[in-house]
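Q: Please work out how this folds:
(one chain, ligands or ions: 1)
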Amino acid sequence: MSTRPAHTDLPYSHAGDEDQARLEALSEALDPITISVLEALPDTGDAACLELGAGNGTIARWMADHLPSAQVTATELDLRHLEAEGRKNLDFVRHDVTQDQFPEVAFGLIHARWLLHHLPVRERVLPEITKWLAPGGHLVLEEPALFPPCRPPRTSPTAVSPSALSPCSRSASAPTAARPPSTWPAIWPNSA
Ligand SMILES: C[S@@+](CC[C@H](N)C(=O)[O-])C[C@H]1O[C@@H](n2cnc3c(N)ncnc32)[C@H](O)[C@@H]1O
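A: You can find the predicted model right below:
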């Protein structure tokens, strides 16, 4: 018998409409940023690609369309809403990144977004992920870090923080949710 928890028992289930709405809000806010990062990478040719913790699959489908000669593997704990929608070069597979493996040096591009920060064992998992990367390949990890939108130390958080917060605010119908507390440091790390 599996010792794994049912995905509906995990903090981020895909079971209900609210879970789907949450994943759609993430895609809406973050896909343009992710796509601009992936488009800026050097050409990976027909190297296999891996998308970890694919969520609702928008980036996996984008990869399959953008890299038609590459085989794209996209993983999730919960596959029930994931469809390749006719793409022959895209497979969704059930894979728990904290327990399951891939062959070493198998992928020329590995991408994960808003996955590792959920995992208490991420420091053990990250070295495993790097083993699956081919020499010269690209590992792209995107994780949340909300900075004060007003005066961040670099320009990119100016774009990321509001775009990440606004869908949360809309879905929560709570305008104050989009406003970071005024006590947040204006400069990060806080040198005060
Ligand atoms: C915050 S969502 C992000 C989804 C997607 N990467 C995105 O950015 O739109 C985190 C995703 O990671 C998946 N996940 C959580 N733990 C996982 C694990 N151990 N292995 C694989 N996927 C996992 C969840 O099911 C969820 O879809």
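Q: and the biggest strand by length in the chain, C-alpha only, in CSV?
A: As far as residue count goes, and with DSSP state E defining each element, the longest strand of the chain is strand 133-142. Output in CSV follows, covering the C-alpha atoms of strand 133-142 (Å, rounded to 0.1, in the frame of the first residue of the first chain):
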residue,chain,number,x,y,z
LEU,A,133,20.4,17.9,-16.4
ALA,A,134,22.6,17.2,-19.3
PRO,A,135,26.0,19.0,-19.5
GLY,A,136,25.5,22.5,-20.8
GLY,A,137,21.8,22.3,-20.2
HIS,A,138,19.6,24.9,-18.5
LEU,A,139,18.0,24.7,-15.1
VAL,A,140,15.4,27.4,-14.6
LEU,A,141,13.8,27.7,-11.1
GLU,A,142,11.3,30.4,-10.3
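Q: quick check: longest helix of this protein.
A: Within the chain, and with DSSP state H defining each element, the longest helix by residue count is helix 17-39.
Q: In terms of secondary structure, what does that helix contact?
A: Packed against helix 17-39 by the contact rule (3 or more CB pairs under 8 Å, 6 or more residues apart in numbering; DSSP states H and E) you find helix 58-66, strand 107-113, strand 133-142, helix 156-172. From N, CA and C alone the C-beta is placed, and that goes for glycine too.
Q: Once you drop chain neighbours, what's closest to Trp62?
A: What sits nearest to Trp62 in space, not counting adjacent residues and going by CB to CB, 6 or more residues apart in numbering, is Ile35, at 6.2 Å.
Q: let me fix that: Ala47
A: The spatially closest residue to Ala47, leaving aside those adjacent along the chain, is Gly108, at 2.4 Å (CB to CB, 6+ apart).
Q: I figured the one you found was touching Pro42, is that so?
A: No. With contact taken as CB atoms under 8 Å, Gly108 and Pro42 are classed as non-touching, separated by 10.2 Å.
Q: of those two, who's got more company?
A: Neighbour count, other CB atoms under 10 Å: between Gly108 and Pro42, Gly108 has more, with 22 against 7.
Q: can you tell me how far that one sits from the ligand?
A: Per CB to the nearest ligand atom, to the nearest Å, Gly108 is found 19 Å from the ligand.
Q: residues contacting that residue?
A: Counting by CB atoms under 8 Å, 6 or more residues apart in numbering, Gly108 touches 44-45, 47-49, 70, 133-134, 136-138.
Q: List the contacts of the one residue in the chain that gets nearest to the ligand.
A: Ranking the residues of the chain by distance to the ligand (CB to the nearest ligand atom) places Gly55 first, at 2.6 Å. Neighbouring residues of Gly55 by CB under 8 Å, 6+ apart: 23, 26-27, 76, 113-114.
Q: ok so, going back, briefly note if the longest strand of the chain comes near the ligand.
A: No. Where contact is defined by CB under 6 Å from any ligand atom, no part of strand 133-142 touches the ligand; the two come within 7.3 Å at best.
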